[in-house]
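>>> Starting from these lines, generate the structure:
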Amino acid sequence: MTDQEFQDALQALKPRLEKYAELLVKKGAALQKDQELVVTAAPEAYEFARIVVHAGYEAGAKHVTVIWDDQKIDAEDYKYVSKEWFETCPAWKVKQLNDLAEDGAALLFLESNDPDAFDGLDTKKIAAARKARNTQCKIWRRGMDFGYNTWCIGGVPALKWAEKVFPSIDAREAILKLWDAVLDVARIGENPLKNWEEHNAELEAKKNKLNELHFDSLHYTSSNGTDFIVGLADKHLWDGGSCKTQGGVSFFPNVPTEEVFSVPARTRAEGRLHSALPLVHAGTVVRDFWFEFKDGKVVDYDAAEGKEVLTSIIETDENACYLGEVALVSKNSPIRESGILFYSTLFDENASCHFALGKAFPECYEGGFDLSVEELMDNGVNNSATHVDFMVGADDLSIMGTLPDGREIPVFQNGAWAL
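Sure thing, here's the model as predicted:
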């Protein structure tokens, strides 16, 4: 493919890219008139970022701030700077993020990550930097965790990511193919806004059914070795699709999204979970891994590749070894049916049932937004400086739900909904 052919193909994509940008701004981040929009993007995504900035102003933004996030520069930092430096978030960064959140900004994160960007680097430095930002930028973090700010993550193809997903074809063709896949699973058809309203209604029906049943626990089994029981918090709520701020604004945290999710009871997880897909975390790929749980806590784990990444996650703080999310996704989702391994949690978690280690979502506990972190912990809702999803949805996964009265109901059979 020549440079000109590549540019012509990108130009032909532009109408879909403009619709995608509009979806991310209006439905994802749910930008309101005269509101600040904050766009975080990699330098490789600059062309699409410009389209997003235009969409933001067209939607009525009072101002659009773009924060550039460069993995190559970060990799240089992690290579040469001491771990101690990363344990404190720079004062200017704390002020920047906290001020934007306090101003009520809508937050849009454009993800173009190279899955191997930090391969071979010190995972403890990377974990320290993430922990510092999440614990020291308190207003920014609370804005997302407790429903004060709208926020959304959307994927934007870039060279290294595309080459990882489609290694056997020309790099430019790989970028175009990845764009097609991203736009397809984001439902960018004739009317994306309407498509997402209809999709949201389907997710609403699923979570309403689960809330009606109010299972006490879920039992997971599959032939890869998974045999695991997770208890659900006593006042757990299932969520999914659109979320609402405390002010009642609906937004989509993830584009795409196929999951319904809830909050596990912190100390009620027993047995072994095996991964169904690789985990990409902190610029490193973890493959063929498992966790063993007792009384809710990870007590053993291993991986064929990337075990040190799992260690850095679990050792983030004293609560990172407990679960913060349980999520249900059918293998019949568009992402799974595409047959593409995206090497991105944003996409791959929507192809598979998954759990997350670390922080739980307050909105998934009845009255959770009105409780302090300490009160949530007292009610079995985990709190941590990290939240890392990992996929367990094997093709033959079975999930049996147990009701409070002891009755059992199939929730998943052979990796798909049974309810």
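>>> Next one: the residue nearest to the spatial centre of the chain from Ala186, what distance?
The centroid of the chain falls nearest to Leu346 when counting by CA atoms, centre = their mean (4.7 Å). Relative to Ala186, Leu346 is positioned 11 Å away (CB to CB, to the nearest Å). Bear in mind the C-beta positions are built from the backbone N, C-alpha and C, glycine included.
>>> list the residues that contact both of those two?
Shared contacts of Leu346 and Ala186 (CB atoms under 8 Å, 6 or more residues apart in numbering): Gly154, Gly155, Pro256.
>>> Rebuild those as a markdown table, extending it with neighbour count and secondary structure.
Output for the shared contacts of Leu346 and Ala186, formatted as a markdown table (neighbours: other CB atoms under 10 Å; DSSP: H, G, I helix; E, B strand; the rest coil):
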| residue | neighbour count | secondary structure |
| --- | --- | --- |
| Gly154 | 24 | strand |
| Gly155 | 28 | strand |
| Pro256 | 23 | coil |
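>>> For these, give me JSON lines that also has distance to Ala276 and pLDDT.
Shown next, in JSON lines, are these (distance: CB to CB, whole Å; pLDDT from 0 to 100):
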{"residue": "Gly154", "distance to Ala276": "24", "pLDDT": "98"}
{"residue": "Gly155", "distance to Ala276": "20", "pLDDT": "98"}
{"residue": "Pro256", "distance to Ala276": "18", "pLDDT": "96"}
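>>> Can I get the residues you listed in JSON lines including distance to Leu237?
As requested, these are exported to JSON lines (distance: CB to CB, whole Å):
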{"residue": "Gly154", "distance to Leu237": "25"}
{"residue": "Gly155", "distance to Leu237": "28"}
{"residue": "Pro256", "distance to Leu237": "22"}
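>>> ok, so of those residues, who is nearest Lys235?
Nearest to Lys235 among the shared contacts of Leu346 and Ala186 is Pro256, at 29.1 Å by CB to CB.
>>> pretty sure the closest one contacts Glu349?
No: counting by CB atoms under 8 Å, Pro256 stays clear of Glu349, with 10.0 Å between them.
>>> Could you tell me which residues within the helix or strand that Glu84 is a member of count as buried?
If you go by DSSP states H and E, Glu84 is part of helix 83-86. For helix 83-86, burial by neighbour count (16 or more other CB atoms under 10 Å) applies to Phe86.
>>> returning to what we had before: wait, isn't the residue nearest to the centre of the chain in contact with Glu111?
Yes: the pair Leu346 and Glu111 passes the contact test of CB under 8 Å, sitting 5.7 Å apart.
>>> Report the set of residues contacting both of those two.
By the contact definition CB under 8 Å, 6+ apart, Leu346 and Glu111 are jointly contacted by Ile153, Gly154, Gly155.
>>> residue contacts, Thr311?
The contact partners of Thr311, taken as CB under 8 Å, 6+ apart, are Thr123.
>>> in which helix or strand would I find it?
Assigned by DSSP H and E, Thr311 falls in helix 307-314.
>>> following that helix, which helix or strand shows up next?
Next along the chain after helix 307-314, taking DSSP H and E as the criterion, comes strand 323-328.
>>> Stretch 234-251: end-to-end distance?
26 Å (CA to CA, to the nearest Å).
>>> What is the nearest of the shared contacts of Leu346 and Glu111 to His219?
Distances from His219 to the shared contacts of Leu346 and Glu111, taken by CB to CB, are shortest for Ile153, at 30.9 Å.
>>> Just to check, the closest one is in contact with Pro253?
Yes: judged on CB under 8 Å, Ile153 makes contact with Pro253 at a distance of 6.8 Å.
>>> what's the overlap in contacts for these two?
With contacts defined as CB under 8 Å, 6+ apart, no residue is shared by Ile153 and Pro253.
>>> Which residue ranges make up the domains of the chain?
Domains of the chain are assigned by automatic domain parsing as 3-185, 215-417.
>>> Can you measure across the last one, start residue to end residue?
To tie it back to what came earlier, the one meant is domain 215-417. Length of domain 215-417, first residue to last, CA to CA: 15 Å.
>>> gap between it and the chain center?
Distance of domain 215-417 from the chain centroid (CA atoms, centre = their mean, to the nearest Å) equals 11 Å.
>>> thinking again about what came up before, ok, so of the shared contacts of Leu346 and Glu111, who is nearest Gly406?
Of the shared contacts of Leu346 and Glu111, the one sitting nearest to Gly406 (CB to CB) turns out to be Ile153, at 39.4 Å.
>>> Check the secondary structure at that closest one for me.
At Ile153 the chain is in strand, as set by DSSP: H, G, I helix; E, B strand; the rest coil.
>>> residue contacts, it?
Ile153 makes contacts with Phe109, Glu111, Pro253, Asn254, Val255, Leu346, as judged by CB under 8 Å, 6+ apart.
>>> what would those residues look like in CSV with distance to Val66, secondary structure and pLDDT?
Shown next, in CSV, are those (distance: CB to CB, whole Å; DSSP: H, G, I helix; E, B strand; the rest coil; pLDDT from 0 to 100):
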residue, distance to Val66, secondary structure, pLDDT
Phe109, 12, strand, 98
Glu111, 15, strand, 97
Pro253, 20, coil, 95
Asn254, 21, strand, 96
Val255, 19, strand, 97
Leu346, 20, helix, 94
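>>> Could you rank the residues you listed by neighbour count and give me the top one?
Neighbour tally across the contacts of Ile153 (other CB atoms under 10 Å): the maximum, 25 neighbours, falls on Val255.
>>> can you pull the contacts of Gly401?
Neighbouring residues of Gly401 by CB under 8 Å, 6+ apart: Leu213, Phe215, Ser217, Leu218, His219, Glu408, Ile409, Pro410, Val411.
>>> so what's Gly393 up against?
Gly393 sits in contact with Ala276, Leu277, Val329, Lys331, Ala351, Ser352, Cys353, His354, Gly415, where contact means CB under 8 Å, 6+ apart.
>>> how does it look with 6 Å?
Contact analysis of Gly393 by CB atoms under 6 Å, 6 or more residues apart in numbering lists Ala276, Ser352, Cys353, Gly415.
>>> Can you give me every residue that contacts the second one?
With contact set as CB under 6 Å, 6+ apart, Ser352 has these partners: Ala276, Leu277, Val329, Met391, Gly393.
>>> which residue sits closest to it in space, ignoring its chain neighbours?
The shortest distance from Ser352 to any non-neighbouring residue, by CB to CB, 6 or more residues apart in numbering, is to Gly393 (3.3 Å).
>>> what secondary structure does the one you found sit in?
Under three-state DSSP, Gly393 falls in the coil class.
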